[in-house]
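# Build me a model from this:
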Amino acid sequence: MRSGHPQAVGSRAIVFVDGQNLFRAAKDAFGYHYPNYDIKKLADTICSSRGWIAVENRFYTGIPDRKDDPLWHDFWSAKLAHMGRSMTVVYKRPLRYSDETIPLPDGTKKIVRRPREKGIDIRLALDMVRAALLIFASLK
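Numbering: from 1, shown residues only. Below is the predicted model of the structure:
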């Protein structure tokens, strides 16, 4: 048993993954600039290291609209379809864009269009609460 992580052998886990946060963490930790992760392998590795069984994997992300970024739209559409075939529940939302003014060193300003995820975090949180309530209700 690891300190702070009580284990019950054979405990079941539902794995919730925020795709953008995972990508940023992998980029910061390992220098990755491409989302090459495998959610099922990651979930199975983490769970098995604690003696748990991953019974469901859930992945949440925003994807660009094809007209805004055809390359990444097609990439994410294919990756999410593969995840779905690999028994990962996928929740996607279209990215929303807003203009942001960036001051430049020469004193001028540049307007940059920034993508934003809207609704992903709240959906993930609601799904976690819903799962916890279902599990709690099944224990009664």
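
# Pretty sure A132 sits in a strand.
No - the assignment for A132 by DSSP: H, G, I helix; E, B strand; the rest coil gives helix, which leaves it out of any strand.

# Surely V15 is in contact with I53?
No - with contact defined as C-beta atoms under 8 Å, V15 does not count as touching I53 (10.7 Å). The C-beta positions use only the backbone N, C-alpha and C, and glycine is treated the same way.

# Looking at the two, which one has more neighbours?
Set side by side, V15 and I53 show unequal neighbour counts under other C-beta atoms under 10 Å, the larger going to V15 at 20 against 12.

# For the more buried one, give me its contacts.
Counting by C-beta atoms under 8 Å, 6 or more residues apart in numbering, V15 touches I39, A43, I46, C47, A54, E56, N57, R58.

# Next one: L42 from W52, what distance?
Here the distance between L42 and W52 works out to 13 Å (C-beta to C-beta, to the nearest Å).

# intersection of neighbour lists for these two?
Contact with both L42 and W52 is made by no residue, according to C-beta under 8 Å, 6+ apart.

# Overlap in contacts, V15 and I53.
Shared contacts of V15 and I53 (C-beta under 8 Å, 6+ apart): C47.

# for the longest strand along the chain, the distance to its chain's centre please.
Longest strand in the chain by number of residues, with DSSP state E as the criterion: strand 52-63. The chain centroid and the centroid of strand 52-63 are separated by 8 Å under C-alpha atoms, centre = their mean, to the nearest Å.

# now stretch 49-61
Put simply, stretch 49-61 sits 12 Å off its chain's centre (C-alpha atoms, centre = their mean).

# That stretch - what's its average pLDDT?
Confidence for stretch 49-61, expressed as mean pLDDT, is 95.

# what's next to it, contact-wise?
2, 5, 7-20, 39-40, 43-44, 46-47, 76, 80, 83, 87-93, 117, 120, 123-124, 127.

# Same check on stretch 73-84?
For stretch 73-84, the surrounding residues in contact (C-beta under 8 Å, 6+ apart) are P35, I39, K40, F59, T61, I63, P64, D65, R66, V90, K92.

# switch the cut-off to 6 Å
Counting contacts by C-beta atoms under 6 Å, 6 or more residues apart in numbering, the residues outside stretch 73-84 that touch it are F59, I63, P64, R66, V90, K92.
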